[in-house]
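**Q** Pasted the sequence and its predicted model underneath.
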Amino acid sequence: MNAEQAWQATLSQLQSEMPKASFDTWVRSAELIKYQENIFVVGVHNAYARDWLDDRLGPTMSRLLSGMMGTRQEVQFNVWHKEIEAAGSDEPAEVRAPEPSRQNTNVNPRYTFENFVVGGSNRMAHAASQAVAENPARAYNPLFLYGSVGQGKTHLLQAIGNSAIKQGLQVLYVSSEEFANDLINSIRTHNTQAFRDRYRSIDVLLIDDIQFIAGKESTQEEFFHTFNTLHGQDKQIVISSDRPPKAMLTLEERLRSRFEWGLTVDIQPADLEMRTAILRSKAERANREVPPEILDSIARQVQSNIRELEGALTRVLAYADLSGKALTPDLVQVALADLLPQRSTLEPRQVVKLVASTFGLTAEKLLGRDRSREVALPRQVAMYILREEANVSLPQIGVALGGRDHSTVMYACEKVADLMERDDRLRRQVLQIREQLYSHAAA
Ligand SMILES: Nc1ncnc2c1ncn2[C@@H]1O[C@H](COP(=O)(O)OP(=O)(O)OP(=O)(O)O)[C@@H](O)[C@H]1O
């Protein structure tokens, strides 16, 4: 494994383990700018990020990188803005400054339309994003993309950004947390004018995870004015969120209605076919030959989101490289063992309770004799989840679900597996339950 691969694998691991807001604010834009004599020199945008990373993540990153490289590694964080270097800071001179066109845009050249895999679950979102990229402020303004965690919203925002940069436009990508932090800092340093100049003088504003401004009054107020200024000047705004505007309960009405002015599109969780296609594309881009059955096995096991899917592929490949073993289904199981929930620790009672509450039922109802669809389907989902996640046999599942026989359980598992490939809502509900089981298991 070379330094760049170890760095990317470390980022994937941190991303799957850290709270999303912290990862986006502090880690996402960090870049490996140099590797020399077992030192990873990482560029970050400002001194806050440098200090935060140094304090909180330095030792963890060193440990992860040391594990991957097989020898002790250090990490050094450096601020790499050109202005700071010019102003005579004590940052090392060899730290490379970003390309001028990308300076301060926060747009990562890695995310493009070319490497975005299109399928049924994201076709509309992709088409709308491309339309916006081709005709900024003319196609849909704002474009509001929403969908659950790790399904490609940021990727599309960044792809729009990359395309706009190529057209010579001024672009700025920020998460809503960064927007709020910038605002707070500007107030603290009495520099709100600079804040406004920064946000109101661009051609394309890409704002990620807007749900985090819900409930923050002054941030909403400022964003409202930023939105109006840009929109009034025919500048493009693209927003992403984990839910549609209507479901953002503590969002001011005037913002909600503005978000709905343009086009609102959702991205559905990727189905098995899409997940496999994404893995195939990632493997090809990394110039790795991965047998189809290995891709299929990873795609079947990692359903939660595409970020974890990518992390799983990286992990399997790293595991094969480090151990020198061939890529086989057994190796996939070993490599992913601690990513997947610990089967043996899951209690049937815990699953029954969680499934019942997800579907608005009581555990007694789920275990009872009611055969109406409202109860029978959740009961079958509980059977399916126990079959997939817990270390229990079909007859044991039957007993745990109120005394059903094992053929009923088998039929239920097949039915739910089949339904999940066709019914987005059900797939999301099952994913939500699995995610909660993961988080309980990790707690
Ligand atoms: N259709 C796709 N094709 C290729 N890669 C994808 C696709 N969808 C997502 N990815 C990859 O999956 C990872 C997670 O995607 P991304 O960060 O865009 O998700 P997100 O929806 O913004 O998540 P969050 O809700 O956590 O912000 C990224 O590395 C991205 O490149």
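**A** Sure, I can see it. Keep in mind that this is a model prediction, so the values were computed, not measured.

**Q** counting contacts, what elements does the helix or strand harbouring Ala277 pack onto?
**A** Assigned by DSSP states H and E, Ala277 falls within helix 272-285. Judged by 3 or more CB pairs under 8 Å, 6 or more residues apart in numbering; DSSP states H and E, the packing partners of helix 272-285 are helix 292-301, helix 306-323. Placement of C-beta: from N, CA and C, glycine included.

**Q** Return the residues in contact with Ala320.
**A** 326-327, 331, 335 (CB atoms under 8 Å, 6 or more residues apart in numbering).

**Q** if you set the cut-off to 10 Å instead, what comes out?
**A** By CB atoms under 10 Å, 6 or more residues apart in numbering, the contact list for Ala320 reads 288, 290, 294, 326-328, 331-332, 335.

**Q** farthest pair in the residues you listed?
**A** The largest distance within these, taken as CB to CB, falls between Arg288 and Thr328 and amounts to 15.0 Å.

**Q** Adding pLDDT, neighbour count and distance to the ligand, write the contacts of Ala320 out as JSON lines.
**A** Shown next, in JSON lines, are these (pLDDT from 0 to 100; neighbours: other CB atoms under 10 Å; distance: CB to the nearest ligand atom, whole Å):
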{"residue": "Arg288", "pLDDT": "88", "neighbour count": "13", "distance to the ligand": "16"}
{"residue": "Val290", "pLDDT": "94", "neighbour count": "19", "distance to the ligand": "16"}
{"residue": "Ile294", "pLDDT": "95", "neighbour count": "21", "distance to the ligand": "18"}
{"residue": "Ala326", "pLDDT": "89", "neighbour count": "10", "distance to the ligand": "26"}
{"residue": "Leu327", "pLDDT": "91", "neighbour count": "20", "distance to the ligand": "21"}
{"residue": "Thr328", "pLDDT": "89", "neighbour count": "14", "distance to the ligand": "25"}
{"residue": "Leu331", "pLDDT": "86", "neighbour count": "17", "distance to the ligand": "23"}
{"residue": "Val332", "pLDDT": "88", "neighbour count": "24", "distance to the ligand": "19"}
{"residue": "Ala335", "pLDDT": "84", "neighbour count": "23", "distance to the ligand": "19"}
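
**Q** for those, which one is nearest Pro395?
**A** Val332 (28.2 Å).

**Q** The closest one in helix, strand or coil?
**A** Taking DSSP: H, G, I helix; E, B strand; the rest coil as the rule, one finds Val332 in the helix state.

**Q** From what I see, it and Ala326 are in contact.
**A** No: here Val332 does not reach Ala326: they are 11.3 Å apart, not a contact under CB atoms under 10 Å.

**Q** Check which residues of the helix holding Ala277 are buried.
**A** For helix 272-285, burial by neighbour count (16 or more other CB atoms under 10 Å) applies to 274-280, 282-283.

**Q** List, out of those, those positioned next to the ligand.
**A** When contact is defined as CB under 6 Å from any ligand atom, these meet the ligand at Ile278.

**Q** Tell me the residues of the stretch 201-350 of the chain that contact the ligand?
**A** Near the ligand, when you scan the stretch 201-350 of the chain using CB under 6 Å from any ligand atom, you find 209, 242, 278, 306-307, 310.

**Q** what do you get if the cut-off is 5 Å, keeping everything else the same?
**A** 278, 306-307 (CB under 5 Å from any ligand atom).

**Q** now do the stretch 51-200 of the chain
**A** 116-117, 149-155.

**Q** And the pLDDT for the most centrally placed residue in the chain?
**A** The chain has Gly150 as the residue nearest its centroid, 2.8 Å off, counting by CA atoms, centre = their mean. Gly150 is assigned 89 on the pLDDT scale.

**Q** swap in the one 4 residues further on?
**A** You'll see Thr154 listed with a pLDDT of 95.

**Q** Walk me through the domains of this structure.
**A** Domain segmentation of the chain under the TED database yields 3-79, 113-266, 272-336, 348-441.

**Q** can you give me the end-to-end distance of the second one?
**A** The one in question is domain 113-266. 17 Å (CA to CA, to the nearest Å).

**Q** can you give me the helices in the stretch 151-300 of the chain?
**A** 153-166, 176-188, 192-200, 217-232, 253-259, 272-285, 292-301 (DSSP state H, counting those that start in this stretch).

**Q** any idea of the mean pLDDT for the third one?
**A** Computed over helix 192-200, the mean pLDDT rounds to 90.

**Q** Which residues does that helix contact?
**A** Here helix 192-200 has contacts from 104, 172, 174, 179, 182-187, 189, 191, 205, 207, 222-223, 225-230, 233, 235, using CB under 10 Å, 6+ apart.

**Q** So what touches the strand or helix carrying Met68?
**A** Here Met68 sits within helix 58-69, counting by DSSP H and E. By CB under 10 Å, 6+ apart, the residues outside helix 58-69 that reach it are 1-3, 5-11, 13-14, 17-18, 27, 30, 35, 38-40, 42, 53-54, 57, 71-77, 318, 321-322.

**Q** do that again at 6 Å, thanks
**A** For helix 58-69, the surrounding residues in contact (CB atoms under 6 Å, 6 or more residues apart in numbering) are 1, 6, 9-10, 72-75.

**Q** all helices of the stretch 301-443 of the chain, in order?
**A** Using DSSP H, counting those that start in this stretch, helices in the stretch 301-443 of the chain cover 306-323, 329-336, 348-358, 363-367, 373-389, 394-400, 406-422, 424-442.

**Q** State the phi and psi torsions of Met248.
**A** Taking degrees, to the nearest 10, you get phi -90, psi 90 for the backbone angles of Met248.

**Q** Okay, it and Ser240: tell me how far apart.
**A** Computed as CB to CB, to the nearest Å, the Met248 to Ser240 distance reads 12 Å.
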